[in-house]
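Student: task: produce atomic coordinates for the following.
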Amino acid sequence: MRYSLSSPNGETLPAGELQRMLRSGQNQIRLRNGQPGVLDAEAVADFEEVLRDCEPSQSQPGVYRIDRAHAGYVTATAQEAGARVADSRGALLKLSSDPTASQTEALKGELGKLGKVLRAYQLTGVAWLSRLADNGLGGILADEMGLGKTVQTLALLLARKQSQPALIVCPSSLLTNWQNEAQRFTPELKVLVLEGPERHERFTKIAQSDVVITSYALLQRDADKYKAIQFSSVILDEAQHIKNPETQNAQTAFALRARHRFVLTGTPIENSVRDLWSLMNFAVPGYLGSRADFRERYEQPLSRGPAPEVQRRLARRMRPFLLRRKKSEVARDLPEKIEQLLSCDLSPSQRSAYDGLLREIQIGVKSGEENQAATRMKMLLGLLRLRQVSCDLRLVSSDIGKENDTSGKMELLVELLEEAIDGGHRVLVFSQFVAMLSLIRQRLDRQSIAFAYLDGQTKDRQSVVDNFQSDPNIPVFLMSLKAGGVGLNLSAADTVIHFDPWWNYAPEAQATDRAHRIGQTRVVTAYKLIARDTVEEKIVKLQNRKRAASEGTIGSEEPLMSGLTTEDLEELLS
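Tutor: From the prediction side, this is the model:
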């Protein structure tokens, strides 16, 4: 690519002249026809940032070699500046254009029965993945929860069935789900699940399989065995497991050998924009530059506050490799989702305990006797205890007064459940505290309300889910937020209750989408229970602020989280 500027009448200014103008601060030049030429310095500066990602020619100044991965980014930057990239061979167009209707129709025919099952947006997703694979590239399928990332992936593997197998890596809890979905949608594919103590004996069957499925935990243990295996594709599901590039999970995934790699996640940004670097370092290694370069050019400017130009540039750079669709955009037949905040007062005993505990924490923090790390730990522990007291006094002490004075929120929950059950609704109840779920279980038992239950210790998750889905006589499903937030289809429920809030909105949104997903035929109502005049109200405000910070980078509703800063903690404990 030759870097130059063309005027509307065809006159071209070479790169050297442009650079001279930029260095001198000059933004106008007299063209050969006598007309003034005005330079858009901001657009040129933006394009200079793009060229930092390209390889300069050593022999021809102003000439750059553009890797195929940067085609969409370069083209989009030029278009945004009102310019175009000369592309006589059509190479950039091929790599940067979206799938056409004719391509999706052809794909639909190739997929046979599955092609008739897939929705239009799912076929577009498969065509998008396939186009990247055709060009030896990878990407991130970041559709909102419930839009069918699993079936789109299986369709891709069916359409691109290769002599070499594909590898799918997922959380341990989703192994059975992937196996079941493959049997349901793509029975033509030979699937090998590598789990359990006898899995090593099955490694000899990998070459005869179309799809191999394993978990992140087992991938780590078996890392040496995978070094010698070449896969056609590697797909990482629930890719938050590699969002920290320093972890063993991420390092093991980066080392896998495949012609193309894809990431599936409903939350491409969960903690910070560093997440994107790690995901892309797997999907398209090197595309976002080195870790240090990305930190300097994107992560640090965005962490210091609003940086709209940096945010736009990163969004443009990610666009060719990140496909993000929301239910409201592509699944208009999906019923509405209503979110509602319900507040309640603490019981008298809770209020007394809460106020006393808050004073104790504030005095301890202000004393300044410990170093910064110790003070931060004290603040985090104090915050945890305040959240527990806001839920139920029994979470912090078994030696307390009468039971009906331990939790104002428990009484609100019971009222909601009784009303929902009377109205014929089925309810998912989430809490981050397994001990809180135990207390709710005890209360439901006493009131003879049937329920299903799932936490991190539940062995056969799928049978519990299937039982709830198929039995209308079980109106309530109790789940820990961590165990039930991903990988479950619970469309039999149309009501979701979050018993306690968390400052990262993403896990809550994912949990709600266990009910609000394809297959749901009713309006879904999600309630968040908040104890009035407590840290919970401040957590909701922090959620909203963090959530707003992510708007614009990837069009995501999930928050751009940078972790709880010391300032966040001080605000919550004020």
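Student: check contacts around the closest residue to residue 476 other than its chain neighbours.
Tutor: Distance criterion CB to CB, 6 or more residues apart in numbering; nearest residue to residue 476, sequence neighbours excluded, is residue 451 at 4.0 Å. For the C-beta atoms, the positions are set from N, CA and C on the backbone; glycine is no exception. Contacts for residue 451 were tallied using CB atoms under 8 Å, 6 or more residues apart in numbering; they are 441, 444, 474, 475, 476, 477, 478.
Student: out of those residues, name the ones that lie in strands.
Tutor: Judged by DSSP state E, the subset of these located in strands is 476, 477, 478.
Student: out of these, who has the most neighbours?
Tutor: residue 477 (27 neighbours; other CB atoms under 10 Å).
Student: picking up where we left off before, turn the ones in strands among the contacts of residue 451 into CSV, including pLDDT and distance to residue 244.
Tutor: Supplementary listing: the ones in strands among the contacts of residue 451 in CSV, determined by pLDDT from 0 to 100; distance: CB to CB, whole Å:
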residue, pLDDT, distance to residue 244
476, 96, 35
477, 96, 31
478, 95, 30
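Student: ok, the residues you listed vs residue 350, which is closest?
Tutor: Taking CB to CB as the measure, residue 478 is the one of the ones in strands among the contacts of residue 451 closest to residue 350, at 21.6 Å.
Student: may I have the beta-bridge partners of that closest one?
Tutor: For residue 478, the beta-bridge partners under DSSP bridges are residue 429, residue 453.
Student: in terms of pLDDT, where does residue 61 sit?
Tutor: We have a pLDDT of 57 for residue 61.
Student: returning to what we had before: from the ones in strands among the contacts of residue 451, pick the one nearest residue 124.
Tutor: For the ones in strands among the contacts of residue 451, the minimum distance to residue 124 (CB to CB) is 33.1 Å, reached by residue 477.
Student: my guess is residue 391 contacts residue 500, does it?
Tutor: Yes: between residue 391 and residue 500 there is a contact at 5.4 Å, judged by CB atoms under 8 Å.
Student: between those two, which contacts overlap?
Tutor: 431, 433, 436.
Student: now, those residues that are in helices?
Tutor: residue 436 (DSSP state H).
Student: a markdown table for the shared contacts of residue 391 and residue 500, including pLDDT and distance to residue 29?
Tutor: What follows is these, written out as a markdown table (pLDDT from 0 to 100; distance: CB to CB, whole Å):
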| residue | pLDDT | distance to residue 29 |
| --- | --- | --- |
| 431 | 93 | 66 |
| 433 | 92 | 67 |
| 436 | 94 | 70 |
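Student: need the shared contacts of residue 391 and residue 500 in a markdown table (columns: neighbour count and distance to residue 200).
Tutor: Listed next are these as a markdown table, based on neighbours: other CB atoms under 10 Å; distance: CB to CB, whole Å:
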| residue | neighbour count | distance to residue 200 |
| --- | --- | --- |
| 431 | 24 | 38 |
| 433 | 19 | 38 |
| 436 | 23 | 40 |
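Student: could the shared contacts of residue 391 and residue 500 go into TSV alongside distance to residue 30?
Tutor: Putting these into TSV (distance: CB to CB, whole Å) gives the following:
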residue	distance to residue 30
431	71
433	72
436	75
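Student: from the shared contacts of residue 391 and residue 500, pick the one nearest residue 458.
Tutor: Comparing the shared contacts of residue 391 and residue 500 against residue 458 with CB to CB picks out residue 431 as the nearest, at 14.6 Å.
Student: tell me which residues touch that closest one, please.
Tutor: 391, 437, 440, 478, 480, 481, 498, 499, 500.
Student: list the contacts for the nearest residue to residue 158 once chain neighbours are set aside?
Tutor: Of all residues not flanking residue 158 in the chain, residue 186 sits nearest, at 4.8 Å (CB to CB, 6+ apart). Residues counted as contacts of residue 186 (CB under 8 Å, 6+ apart) are 114, 154, 155, 157, 158.
Student: please apply the same query to residue 571.
Tutor: Contacts of residue 571 by CB under 8 Å, 6+ apart are 538, 542.
Student: go again using 7 Å as the cut-off
Tutor: Counting by CB atoms under 7 Å, 6 or more residues apart in numbering, residue 571 makes contact with residue 538.
Student: tell me the pLDDT at it?
Tutor: Reported pLDDT for residue 571: 72.
Student: next, it: phi, psi?
Tutor: With angles defined as degrees, to the nearest 10, residue 571 sits at phi -60, psi -40.
Student: next one: residue 524
Tutor: Main-chain dihedrals, residue 524, degrees, to the nearest 10: phi -100, psi 130.
Student: just to check, it is in contact with residue 337?
Tutor: Yes: using CB atoms under 7 Å, residue 524 is in contact with residue 337, at 4.8 Å.
Student: who has more neighbours, the two?
Tutor: The residue with more neighbours, out of residue 524 and residue 337, is residue 524; 23 against 18, by other CB under 10 Å.
Student: residues touching the more buried one, list them.
Tutor: Taking CB under 7 Å, 6+ apart, one finds 335, 337, 494, 496, 515, 516 in contact with residue 524.
Student: okay, the spatially closest residue to it that is not a sequence neighbour and residue 336: tell me how far apart.
Tutor: Spatial nearest neighbour of residue 524, excluding adjacent residues (CB to CB, 6+ apart): residue 516 at 4.2 Å. Noted for residue 516: a distance of 9 Å to residue 336, by CB to CB, to the nearest Å.
Student: and what of residue 213?
Tutor: For residue 213 relative to residue 336 (CB to CB), the value is 35 Å.
Student: what of residue 136?
Tutor: Applying CB to CB to residue 136 and residue 336 gives a distance of 42 Å.
Student: over to residue 169?
Tutor: 35 Å.
Student: those two: which is more packed in?
Tutor: Set residue 169 next to residue 336 and count neighbours by other CB under 10 Å: residue 169 wins out with 26 against 11.
Student: what sits up against the strand or helix carrying the more buried one?
Tutor: Secondary structure assigned from DSSP states H and E places residue 169 in strand 166-170. Under the contact criterion CB under 7 Å, 6+ apart, strand 166-170 has outside partners 157, 178, 210-216, 219, 231-238, 253, 256.
Student: of those residues, which qualify as buried by neighbour count?
Tutor: Buried by 16 or more other CB atoms under 10 Å: 157, 178, 210-216, 219, 231-238, 253, 256, out of those.
Student: so for the chain, the centremost residue is which one?
Tutor: residue 267 (1.1 Å; CA atoms, centre = their mean).
Student: just the ones of the contacts of strand 166-170 in strands?
Tutor: Taking DSSP E, the ones among these that sit in strands are 211, 212, 213, 214, 215, 231, 232, 233, 234, 235, 236, 237.
Student: so residue 343 belongs to a helix, correct?
Tutor: No: going by DSSP: H, G, I helix; E, B strand; the rest coil, the assignment for residue 343 is strand, not a helix.
Student: can you pull the pLDDT of it?
Tutor: The predicted local confidence for residue 343 is 83.
Student: likewise the one 10 residues further on?
Tutor: Looking at residue 353, its pLDDT is 91.
Student: quick check: it vs residue 438, distance?
Tutor: As judged by CB to CB, residue 353 and residue 438 stand 20 Å apart.
Student: these two: who's more crowded?
Tutor: Neighbour count, other CB under 10 Å: between residue 353 and residue 438, residue 353 has more, with 20 against 15.
Student: how about the more buried one, nearest residue that isn't a chain neighbour?
Tutor: residue 389 is the one closest to residue 353 (CB to CB, 6+ apart), at 5.5 Å.
Student: unless I'm mixing things up, that neighbour is touching residue 350, no?
Tutor: Yes: using CB under 7 Å, residue 389 is in contact with residue 350, at 6.1 Å.
Student: look at these two and report which has more neighbours.
Tutor: Shown here are residue 389 and residue 350; by other CB under 10 Å, residue 389 has more neighbours (27 against 23).
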